[in-house]
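Enquirer: Any chance you could fold what I've pasted below:
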Amino acid sequence: MVYKTGVLEARKKLMKKQTSFWLIIIAVAILILSIYIIYKSPTDNEQIIFVGQGHEWKAKMVMTIKGNEASEFMEIKYIGSNPDDIGEVFFIYQMPGNSVSGRRHLDRVTKSITSHTSSQGGFIPNNSGDNINLRIEWNKKEEIFELQRK
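Expert: Reported below is the predicted structural model:
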């Protein structure tokens, strides 16, 4: 009987050690997962910049990605020699699965026009080959060029 009692007590101690071991492993795993979730939170923003230039215009787009939402800020700047002759400007930029167009008047001070859009689940570039095509029309003229990822 003494022998069986000693074996049972040894087993109980071993089971307590094993249980403690697994509880520590689970606690560490939960801690690591929590840290990952905190640092990889949806508040992290990724910015991608596209730039391009033609003969009379240049453009820069800053795309901010947060989760599956993307916002785009486009500045199109006139670099030609006759800014006073610019009236209304039509622009359209196209990317895989999405296009944005608009009409604006050239800002006389900055010699530029701007556009800001946002979308959910739209174009989110995933490689450096994803470029943006921009077409600008003004005073019966047209310029087309590509914005490449910087």
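
Enquirer: Look up phi and psi at residue 95.
Expert: When read as degrees, to the nearest 10, the backbone of residue 95 gives phi -140, psi 170.

Enquirer: do you know how far residue 112 is from residue 67?
Expert: Remark: distance between residue 112 and residue 67 (C-beta to C-beta, to the nearest Å) = 30 Å. Heads up, the C-betas are built off the backbone N, CA and C, glycines and all.

Enquirer: Repeat that for residue 147.
Expert: As judged by C-beta to C-beta, residue 147 and residue 67 stand 23 Å apart.

Enquirer: Any stretches of this protein with poor pLDDT?
Expert: Residue ranges of the chain with pLDDT under 70: 1-7, 10, 14, 37-44, 120-129.

Enquirer: let's go with 90 and repeat that
Expert: Scanning the chain for pLDDT under 90 picks out 1-48, 63-72, 82-87, 94-100, 108, 116-131, 150.

Enquirer: partners of the residue most central in space within the chain in the sheet?
Expert: In the chain, the residue lying closest to the centroid (C-alpha atoms, centre = their mean) is residue 65, at 2.2 Å. Here residue 65 sits in beta bridges with residue 46, residue 70, going by DSSP bridges.

Enquirer: my read: it touches residue 46, true?
Expert: Yes: judged on C-beta atoms under 8 Å, residue 65 makes contact with residue 46 at a distance of 4.6 Å.

Enquirer: Among residue 147 and residue 67, which residue is more densely surrounded?
Expert: Taking other C-beta atoms under 10 Å, residue 147 and residue 67 do not tie; residue 147 has more neighbours (21 against 14).

Enquirer: Just the element for the more buried one, please.
Expert: Here residue 147 sits within strand 141-149, counting by DSSP states H and E.
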